[in-house]
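Visitor: next comes the sequence, and after it the predicted model I'd like to discuss.
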Amino acid sequence: MKQLAPSFVVVLFAITAPLLSQAVDLPEPAIPGLRYYYPPANVEPRVIETDVCIYGGTCAGVVAAVQADRMGQRVVLLEFGKHLGGLSSGGLSHTDGGDAVVCGGIAREFYNQIGQSSFRPSDAEAAFEKLLEPTNVVVR
């Protein structure tokens, strides 16, 4: 069987994806054309006073929030989704870190909690939550 060129597959997907999305009966969102994996919470807008506001509960966002808290800052970590940890808690569960000396600081704390370089996404999320436990970081 002849293998298809990657560019052909991309073009084919780009053409068929909009057609397939029209064939699936999805409820119409409040803002036409906007789609979510799950409905966003209806939260009343409010003012939050803080020293540091971090948008995104990814690995980097959690680590930045922990470090800012350790430096005595008031920190708010905003996460649009339902889970902390970004790709690590979303399924990218193998780390190719190589030599242990390249991993230090809060990243090393994370891997010490996990205890291995390959892990379940739920283990990663639990480790990020544990990193945040002793802090005063507000997660929204």
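Guide: Thanks, I have it. Residues are numbered from 1 along each chain as shown.
Visitor: now for residue 91: which residues touch it?
Guide: Contact partners of residue 91, counting by CB atoms under 8 Å, 6 or more residues apart in numbering, are residue 121. Where you see a C-beta, it was placed from the backbone N, CA and C, and this is true even at glycine.
Visitor: hmm, I was thinking of residue 105
Guide: For residue 105, the residues meeting the contact criterion (CB under 8 Å, 6+ apart) are residue 63.
Visitor: quick one: pLDDT of it?
Guide: With respect to pLDDT, residue 105 scores 89.
Visitor: over to it: give its phi and psi.
Guide: In this entry, residue 105 is assigned phi and psi values of phi 60, psi -140 (degrees, to the nearest 10).
Visitor: just the strands in the chain please.
Guide: Counting by DSSP state E, the chain has strands at residues 52-55, 75-78, 138-139.
Visitor: can you put these in JSON lines and add distance to residue 103 and mean neighbour count?
Guide: Formatted as JSON lines, the entries for those read as follows, by distance: least, CB to CB, whole Å; neighbours: other CB atoms under 10 Å:
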{"stretch": "strand 52-55", "distance to residue 103": "21", "mean neighbour count": "16"}
{"stretch": "strand 75-78", "distance to residue 103": "22", "mean neighbour count": "20"}
{"stretch": "strand 138-139", "distance to residue 103": "25", "mean neighbour count": "16"}
